[in-house]
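**Q** Need the 3D shape of this:
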Amino acid sequence: MTKKNNILKAIVIIFAVIIAVLVGVVGYLYVSNDINGKGGSEEPITLTITDGSDLYDISQILYKKGIVVNDSVWSNWMDRHYNGFEIIGGDYELNASMSYEEIAQALKNPVVTRQSISVCIPEGYNIFQIARTLDENGVCSADDFLNACKNKDDYDYSFIADIPNSTTIAYPLEGFLFPATYDFEENMTAFEVVDTMLGAFADRISDSWRAYCTDNNMTMYELVTLASVVEKETLGEGVAERIASVFINRLDNGQQLQSDVTIDYGNALRENGFSDEVVFSYNTYKCKALPSGPICNPGVKNIDAVVNHEDTNYFYFFSYNNGADFYFTDNYTDFQKEWAKLGKTNTN
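**A** Just a heads-up that it's a prediction; the model follows:
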């Protein structure tokens, strides 16, 4: 019985060795064929690579496009043969029948080099103004950008969890497209552009913003929404904290914000095909408190102005339209008298 068991064990070991050898041979051939480009399709595939991409980024692109069958093998091969490889942004035509050496050489010579474009997105621009600016500068089409801002679930940032799922929100990402000067490239995908701008916002979130939201039972979305109204109301320097206090006093008192700039945003939404339900949800003469969402993309200064707002008893204000002088009061009768002196029609 013992002799038979020994024979069986020997047979099992032999088969295990044979299988291991076969697996090793198959694995070697699999990797070797991938490295040498054997068996792959010659159908051309166009890749777009941005400046700043690293070997890991490119390995993922090559793998997802089916040009290499194993991204890790390609990355390791490049580390051994082309350490410090310089990536040039542009469009490339590759295919799955190319060897790793051929791919590496091809990645030195883009078919079309993507030019860097410096684009300034000013504080207070809304989504339509940003879309138009990007289109005019050749970064991406306005329509593609607007569509890329409709689905918040495409992006992975913690603050996105605060954005409600509501049919009355026109563009969930409005407010978080951080205003700054960007070094974009021509013909980028809209996703890349939006993701870059959201990342810039994420980098600026401060502990004071988080603490203010916690202390006041607000979400980051609500903070940015209020800051966007302050942004559009602030014509001059040094008044944002006081304007913020007016709106906070109104909210705390259960009053409507009644800000004309929210009507302007609603009109822009209507011009772009949104329903009355959506338009009215941004109109602070009609909605109970905050609008459905931000009406522009505020800068750090005006988000800070909400967080660090003045402690006042003001409920009313208007600008003398010179961008510097404002009138503030806690008395509506006084407000009406002062307003009547101007003979104007746009009140706040």
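
**Q** which residues of the protein score low on pLDDT?
**A** 1-10, 12-13, 15-34, 37-39, 51-52, 112-114, 235-237, 321-324, 327, 343-348 (pLDDT under 70).

**Q** secondary structure element for residue 317?
**A** In the assignment (DSSP states H and E), residue 317 maps to strand 316-319.

**Q** Just give the strands next to the helix or strand following that strand in its sheet, each with its orientation.
**A** The helix or strand immediately downstream of strand 316-319 is strand 326-329, counting by DSSP H and E. Paired neighbours of strand 326-329 in the sheet (DSSP bridges): strand 316-319 (antiparallel).

**Q** May I have the strand holding residue 317 exported as CSV, CA atoms only?
**A** C-alpha atoms of strand 316-319 as CSV (Å, rounded to 0.1, in the frame of the first residue of the first chain):
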residue,chain,number,x,y,z
TYR,A,316,-31.3,95.6,3.1
PHE,A,317,-28.7,97.1,0.8
PHE,A,318,-28.1,98.5,-2.6
SER,A,319,-25.2,99.8,-4.7
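
**Q** what comes up buried for stretch 158-166?
**A** Of the residues in stretch 158-166, 159-160, 163 count as buried by neighbour count, 16 or more other Cβ atoms under 10 Å. Every C-beta, even on glycine, is put in place using the N, C-alpha and C of the backbone.

**Q** Show the contacting residues for the nearest residue to residue 159 once chain neighbours are set aside.
**A** In space, and not counting its chain neighbours, residue 159 is closest to residue 220: 4.7 Å by Cβ to Cβ, 6 or more residues apart in numbering. The contact partners of residue 220, by Cβ atoms under 8 Å, 6 or more residues apart in numbering, come to 159, 162, 205, 209-210, 213.

**Q** roughly how far apart are residue 220 and residue 315?
**A** 26 Å (Cβ to Cβ, to the nearest Å).

**Q** Distance of the residue nearest to residue 159 relative to residue 202?
**A** Taken as Cβ to Cβ, the span from residue 220 to residue 202 is 10 Å.

**Q** Quickly list what's touching both of those two.
**A** Counting by Cβ under 8 Å, 6+ apart, the shared contacts of residue 220 and residue 202 are residue 159.

**Q** Wasn't residue 47 part of a helix?
**A** No. Counting by DSSP: H, G, I helix; E, B strand; the rest coil, residue 47 falls outside a helix, being strand.

**Q** burial measure for it, as a count.
**A** 19 (other Cβ atoms under 10 Å).

**Q** Repeat that for the one 3 residues further on.
**A** Using other Cβ under 10 Å, the number of residues around residue 50 comes to 16.

**Q** wouldn't it be in contact with residue 188 here?
**A** Yes. Contact criterion Cβ atoms under 8 Å: residue 50 and residue 188 qualify, at 6.9 Å.

**Q** Now residue 175: which helix or strand?
**A** Counting by DSSP H and E, residue 175 is found in no helix or strand.

**Q** What sits closest to residue 249 if chain neighbours are left out?
**A** Nearest residue to residue 249, sequence neighbours excluded (Cβ to Cβ, 6+ apart): residue 315, at 5.5 Å.

**Q** do residue 94 as well
**A** residue 67 (5.2 Å).

**Q** Pull the contacting residues for that neighbour.
**A** 40, 45, 47, 94-96, 98, 103 are the contacts of residue 67 under Cβ under 8 Å, 6+ apart.

**Q** Out of those, who's the most crowded?
**A** Most surrounded of the contacts of residue 67: other Cβ under 10 Å gives residue 103, at 22 neighbours.

**Q** burial count for residue 311?
**A** Close neighbours of residue 311, defined as other Cβ under 10 Å, add up to 8.

**Q** Could you pull up the contacting residues of it?
**A** residue 245.

**Q** and if you look at residue 176?
**A** Counting by Cβ under 8 Å, 6+ apart, residue 176 touches 159-160, 197-198, 201, 224, 294, 297.

**Q** again, only this time at 10 Å
**A** 149, 152, 155, 157, 159-160, 162-163, 194, 197-198, 200-202, 205, 220-221, 224, 293-294, 297-298 (Cβ atoms under 10 Å, 6 or more residues apart in numbering).

**Q** Those, buried ones only, as a PyMOL selection?
**A** To isolate the buried members of those in PyMOL, using 16+ other Cβ under 10 Å:
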select buried, resi 149+152+155+157+159+160+163+194+197+198+200+201+202+205+220+221+224+293+294+297+298
